[in-house]
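1. Build me a model:
(2 chains)
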Amino acid sequence: MSLADQPADRTGARLAPPAAATGTPSGPAELPTRRGATARLLRSELGLVLGRRRNQVLLAGLAAVPLLMGIVLFVTQDTPVAGQGPAFFDRVTGNGLFLVFTSLFVCLPFLLPLTIGIASGDAVAGEAAAGTLRYLLVTPVPRTRLLVAKALGALVFAACAVLAIAVMGLAVGAALFGLDDVTLLSGDTIPLAEGALRALGVVAYVALSLTGLVAVGLFFSTLTEVPVAAMAATVVVAIVSGVLDALPQLSAIHPGLLTHHWLDFGEFLRLQVDAGVLLEGLAVQAAWVVVFGALAWSRFTTADISS
Amino acid sequence: MHSGAMSTSDPSNHVSGRPDPSAAPGDAGAAGAPAGSQRKRLRWAVPGVAAAAVAAAFVVPSALSSTAADDVPPLTADELVARMTSTEPVPISGTVVYTARLGLPDVTVGGMTGAGPLDLLGGSSTVRVWSDGAERSRAALLGDVSEYSVVKDGAEAWTYSSADDEAVHYTVPADRLAEYEDLAEGRAPEVQGDVPTPTEAADLMLTYARTTTDITVLEPTEVAGRSAYQLELDPQTDGTLVDRALVAVDAETAVPLRVQVWSTQDASAPAMEVGFTDVSFDAPDDSVFDFTPPAGAEVRDVEVPLPEPSELGPKDDSTADAADHGVSVAGTGWETVVELTGVDVAQVLGATAAGELPDVPGESGAEDLMNEFTEGGEGEIPGIPELDTTALYDQLTTEVDGGRVLSSALLSVLVTDDGTVYAGAVPTSTLTELAAG
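-> Okay, the predicted model is just below:
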């Protein structure tokens, strides 16, 4: 099918563990071998996710956002349109670290959900569409662990997506504008070292904020053999969540929405970081992970898989 | 997909080279057998249980925390008011949620502008407050990755908006500092666009309540996890927009924790509510009250106007003094109407609009370009939702005979064509009658 970029020897590599298992004569050796099989599966899954050309292009695309914004800001910094734009945009020219925050802010509503949707929606459905899923299921790895490996692959890719934006933002910001003490939203200024720590916090929070969407995408991915359907459905969930979040009539359900707490990463840039706010956002993500993770597990461990 | 109903549930179907069934995927052998279908159904119960557990995890803690607030000693209304007015202010910090249902048109530009005092016209806002109990305080109005701060330190005050990176510094001239401190009794100067706190709202309510108000104590309640007395203020008159007000007072410290004001126009929900959702009485860190405008921020200095020494006179004659400034007061208590004469609305709006324009750095070429933009676009840069105060004024007020009226659930303002402003917590008809003389 369309997976020409998939390593050719992949199925063979994955089928290797059972061969090794049968090669071991005695019973006691079986357990470590199984663990080895899981580790191999995980390694091959990560290699697949990160080695796939399409995913690398996605990461490069995300990293291009801070580069583009940095160049635009650098070129326009002495013109009247300077300083107009999304949050923190006007701060970047004074302190390159803010390019990290601006880039994440710009990518959060659409580009990051799109990336997550592609990675997680493809996780199971992509294998089914390529006809490789049934071969995966004959490895000595239970379906539960296979699903966990798929989830970890998608999560690692989500983290890489956030890191690609942040690292590129930092590099471009530092190169074009230099780094300086950080002005918080409250107007107070903190030393660069503390600012860098807070930036780390922002990156970690944004990455963890995407876990709920990964779980949703993984669930959709177990429902269908058409990867595009799962990807699109995942992106739609993120967008619909954003739309519902904008309707004041629905304020009662806002705190539980998948995307509602995403922008709470701004908490790291307030005078006193309130852990309660951050934990609430992470708790909501955990809730989505638990519910949709359980749904994905039920579906994946009970489905008749024929392709 | 290709092989139809063929299932991996029986691994020997596919993998001819693997005779050892013990290596088969343990979880995969479910489909087919009757026992398997039951296990399938059980597996689908897991998400249900997970969802229920998640719901419980979110609901139960809040239910547990609502401890009974009935162990507070009973107090009469007079005792409670006396306690509130006599208690020295204590250090306090916490999170305040302010909700306004004033029935005003929505003027916020969908979160594009960042947090600012305009948010307070409607909807819910979260404010973080710190106070050392004396003359230093800080309030931060939170928005999505934006913040509007008001920092007060004695005779000095700052406001800072993260959205337009502008700081405003309010000061009293050095030679009149002693005089100011005498007058203000340790209060910070008034700033434009202040952020409400329960304490200030309660003070205002109690000031009103000195006259013609039925004050009763209701059942104790719980605010921000603390037991609180509830004071109900019920205006005796029908001439005001305020139906009733509830003030929740902390049982231990007598600090107001929540104020709710109902309008006569809507009995279902309070028109204005400001209360702590989270409160601590530990002294906040001193650094919270230090404010230095960030490098690169636009700083505007405002000198706080003080009355001339000749006008100070005896304090009880305040209305007469105020009249010299074009301010007079009609009515008492809840029906108080403030009258301001000689207000040039166009000029006030124009000045604010000019203040909103972004500063242009250096180059004259850039300035020319800027002028080109602003001349053509009514003070707006194309594509940027710049706050247009004139449009805002037109949006909030309606045309009436002889002027324009702003009508909300709790406050009415009439601006007559000859430049007189009437404002009060009264129906607009009262204002128009007053204006007609």
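2. Least confident secondary structure element in chain A?
-> helix A:10-23 (a mean of 42; mean pLDDT, DSSP states H and E).
3. So which other helices or strands are in contact with the strand or helix carrying A:Arg43?
-> Per DSSP states H and E, A:Arg43 falls inside helix A:30-51. In terms of contacts (3 or more C-beta pairs under 8 Å, 6 or more residues apart in numbering or on different chains; DSSP states H and E), helix A:30-51 is packed against helix A:10-23, helix A:143-177. Heads up, the C-betas are built off the backbone N, CA and C, glycines and all.
4. Not counting sequence-adjacent ones, nearest residue to B:Arg128?
-> Excluding the flanking residues, the one nearest B:Arg128 by C-beta to C-beta, 6 or more residues apart in numbering or on different chains is B:Ala140, at 4.6 Å.
5. Would you double-check that the one you found falls in a strand?
-> Yes. Secondary structure of B:Ala140 (DSSP: H, G, I helix; E, B strand; the rest coil): part of a strand.
6. Now do the contacts for it.
-> Residues near B:Ala140 by C-beta atoms under 8 Å, 6 or more residues apart in numbering or on different chains: A:Ser186, A:Arg270, A:Leu271, B:Val127, B:Arg128, B:Val129, B:Glu147, B:Tyr148, B:Ser149, B:Val150, B:Val195.
7. Which one (most neighbours) among these?
-> The most crowded member of the contacts of B:Ala140, judged by other C-beta atoms under 10 Å in any protein chain shown, is B:Tyr148 (28 neighbours).
8. Now do the host helix or strand of B:Pro220: which elements does it pack against?
-> Assigning secondary structure by DSSP H and E places B:Pro220 in strand B:213-223. Counting contacts by 3+ C-beta pairs under 8 Å, 6+ apart, strand B:213-223 packs against helix B:77-86, strand B:226-235, strand B:242-250, strand B:272-280.
9. Would you mark the buried spots in it?
-> Of all the residues in strand B:213-223, those buried under the rule 16 or more other C-beta atoms under 10 Å in any protein chain shown are B:Thr213, B:Ile215, B:Val217, B:Pro220, B:Thr221, B:Glu222, B:Val223.
10. Tabulate the CA atom coordinates of that strand in CSV.
-> C-alpha atoms of strand B:213-223 as CSV (Å, rounded to 0.1, in the frame of the first residue of the first chain):
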residue,chain,number,x,y,z
THR,B,213,-31.3,48.5,55.3
ASP,B,214,-32.6,45.4,57.0
ILE,B,215,-29.6,43.4,58.1
THR,B,216,-30.1,39.8,59.1
VAL,B,217,-27.8,36.9,59.8
LEU,B,218,-28.5,33.8,57.8
GLU,B,219,-27.4,30.2,58.4
PRO,B,220,-23.6,29.9,58.4
THR,B,221,-22.1,28.7,55.1
GLU,B,222,-18.8,27.6,53.7
VAL,B,223,-16.6,29.6,51.4
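11. what lines up beside it in the sheet?
-> When pairing is defined by DSSP bridges, strand B:213-223 lines up against strand B:226-235 (antiparallel).
12. Residue ranges in chain A under the pLDDT threshold?
-> In the predicted model of chain A, residues A:1-35, A:82-83, A:307 satisfy pLDDT under 70.
13. Figure out the helix or strand that the most centrally placed residue in chain B lives in.
-> In chain B, the residue lying closest to the centroid (C-alpha atoms, centre = their mean) is B:Tyr98, at 4.2 Å. Following DSSP H and E, one finds B:Tyr98 within strand B:92-100.
14. mind checking how far that strand is from the chain centre?
-> Mean-position distance between strand B:92-100 and its chain equals 7 Å (C-alpha atoms, centre = their mean, to the nearest Å).
15. which other residues reach the helix or strand that that strand is followed by?
-> Going down the chain from strand B:92-100, the next helix or strand is strand B:123-131, by DSSP H and E. Under the criterion C-beta under 8 Å, 6+ apart, residues A:248, A:251, A:270, A:272, A:274, B:89, B:91-100, B:106, B:108, B:115, B:119, B:137-142, B:195-197, B:199, B:284, B:288-289 lie in contact with strand B:123-131.
16. What's the PyMOL syntax to select whichever of these are buried?
-> In PyMOL, this line selects whichever of those come out buried by 16+ other C-beta under 10 Å:
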select buried, (chain A and resi 270+272+274) or (chain B and resi 91+92+93+94+95+96+97+98+99+100+115+119+137+138+139+140+141+142+195+196+197+199+284+288+289)
